[in-house]
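> missing the sequence, but the structure's below:
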């Protein structure tokens with residue numbers, strides 16, 4: 001039985017720009033053959049069991065020749081596999097997609113094309129340069145710089161927007177020919193590297209000045225060049241590079257399963273989130289105490305949840321027991337809005353949320369509540385502060401502290417830390433969201449890794465842990481939530497950003 005090949009446009013760099021159909025096709029792939037310019041984050045959309053094979057090229061280095069790539073597509077499809085050929089931008093705009101489809105057609109292999117956002121359109125959008133505009137230009141021309149000698153430049157680019165793909169090395173000669181053919185030397189022009197990504201870099205000038213600017217700045221491929229009056233609009237329309245965290249590389253140390261929400265917030269603000277999990281959430285080493293507590297659930301007067309993880313693992317054990325939420329007669333306390341939201345999604349009402357999301361404020365929230373003789377269940381992490389159970393017990397409560405989950409140091413953390421902090425592009429920020437993230441990071445990377453890296457802390461307990469290890473905390477969240485953490489980074493970035 002023959003499989004099928006999908007040529008999928010991966011978009012210009014921002015992985016969020018892939019189409020819905022492209023996502024769906026990747027989710028069903030048996031094999032993904034991907035290019036250098038395809039956002040590698042998209043590979044995570046394929047099933048864990050899917051083959052991932054790099055077949056791209058970088059400068060003059062090729063992983064495989066084009067004939068070999070076509071042969072691999074045919075071979076895999078004939079084995080009955082669903083094959084995704086993931087190509088940067090759009091497969092039919094200087095992507096050699098047509099050549100690969102011809103090979104598939106000749107071999108009798110079924111195929112589909114899923115178009116993508118080509119780099120010109122992505123760059124235009126992310127630099128505030130509309131490639132067409134009723135008041136300026138009604139035509140746009142796409143040209144590959146590899147074939148600069150084959151064009152009659154007197155007929156190309158006369159009064160339209162000109163987009164040069166792969167034209168960095170040839171641009172000085174192209175600019176000279178355009179000027180000689182009558183294009184004004186003062187025509188606005190820009191070169192964009194890594195368009196639509198947080199490390200997008202834009203160099204602007206004119207047709208006459210841009211070649212020297214590119215040489216002086218030593219910009220390297222991949223670069224797309226846009227020439228035309230519409231480039232002059234970017235000063236007013238450039239929304240992306242004006243985002244509050246544009247270009248900031250921010251390390252996330254949370255558990256991988258929980259890093260996505262923070263990464264999405266940072267990405268939407270123009271930052272480059274870098275995941276470096278230094279904790280991994282795992283089930284308790286001994287589930288018996290939690291299971292016993294669930295078996296006596298109706299006897300508790302209060303259940304206190306101090307994290308979303310506590311809610312998650314408590315419910316997981318409840319689901320695996322003979323009981324369900326109908327056994328819960330207790331009133332409920334949640335330490336913060338994220339924990340409250342996790343409970344409210346289960347249609348559980350939360351009776352107490354402290355004003356500040358730390359143990360001291362939680363204890364204060366119980367000051368007016370009679371606790372003598374009351375049973376309190378506290379499902380929490382294996383290692384946590386004892387302030388809450390000690391203070392509530394002192395007021396006559398019977399507090400059962402049970403391990404609902406534990407945090408461990410991921411095996412790959414050391415190698416990942418070396419990768420993140422050992423490269424040329426050092427992070428600007430690191431976020432610590434618990435004391436464990438601080439101590440574990442220092443275990444795998446050491447204090448020296450944080451030289452010239454600013455530190456953002458989720459709250460006072462985490463801040464105190466960092467300071468006890470000699471670290472300088474630049475900002476602390478207020479309130480002590482992920483949103484508060486992001487807001488603190490934004491405020492500090494605005495304060496220190498050059499005028």
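Happy to help now that I have it. Small disclaimer: the values here were computed from a predicted structure and weren't measured.

> for the stretch 1-150 of the chain, what spans make up the helices?
20-27, 66-78, 97-107, 119-127 (DSSP state H, counting those that start in this stretch).

> what residues are up against residue 364?
354-355 (Cβ atoms under 8 Å, 6 or more residues apart in numbering). All C-beta spots, glycine's among them, are computed from the backbone N, C-alpha and C.

> that one in helix, strand or coil?
helix (DSSP: H, G, I helix; E, B strand; the rest coil).

> and what of residue 215?
helix.

> what's in contact with stretch 164-179?
93-94, 119-120, 142-146, 148, 153, 157, 162, 185, 189, 191, 207-208, 210-211, 214-215, 219-227.

> now do stretch 331-346
301-308, 310-312, 315, 325, 348-354, 357-358, 362, 365-366, 479-482.

> again with stretch 427-444
By Cβ under 8 Å, 6+ apart, stretch 427-444 touches 248-254, 262, 274, 276, 278-279, 383, 407, 409, 413-414, 417, 420-421, 450, 453-458, 461-462, 465-466, 469, 471, 482, 485, 489.

> need the buried ones from those selected in PyMOL.
Applying 16 or more other Cβ atoms under 10 Å to those, the buried members can be selected in PyMOL as follows:
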select buried, resi 248+249+250+251+252+253+254+262+274+276+278+279+407+409+413+417+420+421+450+453+454+455+456+457+458+461+462+465+466+471+482+485+489
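
> in strands, which of the contacts of stretch 427-444 fall?
249-252, 274, 407, 454-457 (DSSP state E).

> these into TSV, with extra columns for pLDDT and distance to residue 340?
Listed next are these as TSV, based on pLDDT from 0 to 100; distance: Cβ to Cβ, whole Å:
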residue	pLDDT	distance to residue 340
249	97	32
250	98	26
251	98	28
252	98	23
274	96	29
407	91	22
454	97	30
455	98	28
456	98	23
457	97	22
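
> for those residues, which one is nearest residue 18?
Nearest to residue 18 among the ones in strands among the contacts of stretch 427-444, counting by Cβ to Cβ, is residue 274 at 20.6 Å.

> contact partners for the residue nearest to that closest one when sequence neighbours are not counted?
The shortest distance from residue 274 to any non-neighbouring residue, by Cβ to Cβ, 6 or more residues apart in numbering, is to residue 251 (4.9 Å). By Cβ under 8 Å, 6+ apart, the contact set of residue 251 is 274-276, 420, 427, 429-431, 453.

> just to revisit the earlier point, the contacts of stretch 331-346 in strands, which ones?
The strands, defined by DSSP E, take in 302-305 from those.

> please identify the deepest-packed of the helices of the stretch 1-150 of the chain.
Greatest average neighbour count among the helices of the stretch 1-150 of the chain goes to helix 119-127 (a mean of 24), per mean count of other Cβ atoms under 10 Å.

> average pLDDT for it?
Mean pLDDT, computed over helix 119-127, is 97.

> what residues does it touch?
Residues outside helix 119-127 that contact it (Cβ under 8 Å, 6+ apart): 11-14, 17, 88-89, 93, 129-131, 140, 142, 163, 165, 190, 192, 195-196, 200, 202, 222, 224, 226, 234, 238, 240-241.

> do that again at 6 Å, thanks
12, 89, 131, 163, 192, 195-196, 202, 224, 234, 238, 240 (Cβ atoms under 6 Å, 6 or more residues apart in numbering).

> which of these are buried, as a ChimeraX select command?
Only the buried entries of the contacts of helix 119-127 go into this ChimeraX selection, using 16+ other Cβ under 10 Å:
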select :12,89,131,163,192,195,196,202,224,234,240
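
> okay, and which of the contacts of helix 119-127 map to helices?
Per DSSP state H, helices hold the following members of those: residue 234.

> any idea which of the contacts of helix 119-127 is closest to residue 387?
residue 240 (45.0 Å).

> returning to what we had before: out of the ones in strands among the contacts of stretch 331-346, who's nearest residue 52?
For the ones in strands among the contacts of stretch 331-346, the nearest to residue 52 is residue 305 (38.9 Å; Cβ to Cβ).

> can you give me the helices for the stretch 151-300 of the chain?
Under DSSP H, counting those that start in this stretch, the stretch 151-300 of the chain gives helices at 171-180, 210-217, 234-237, 259-268, 288-295.

> could you identify which of those is most buried?
Note that of the helices of the stretch 151-300 of the chain, helix 171-180 is the most buried (mean count of other Cβ under 10 Å), with a mean of 19.
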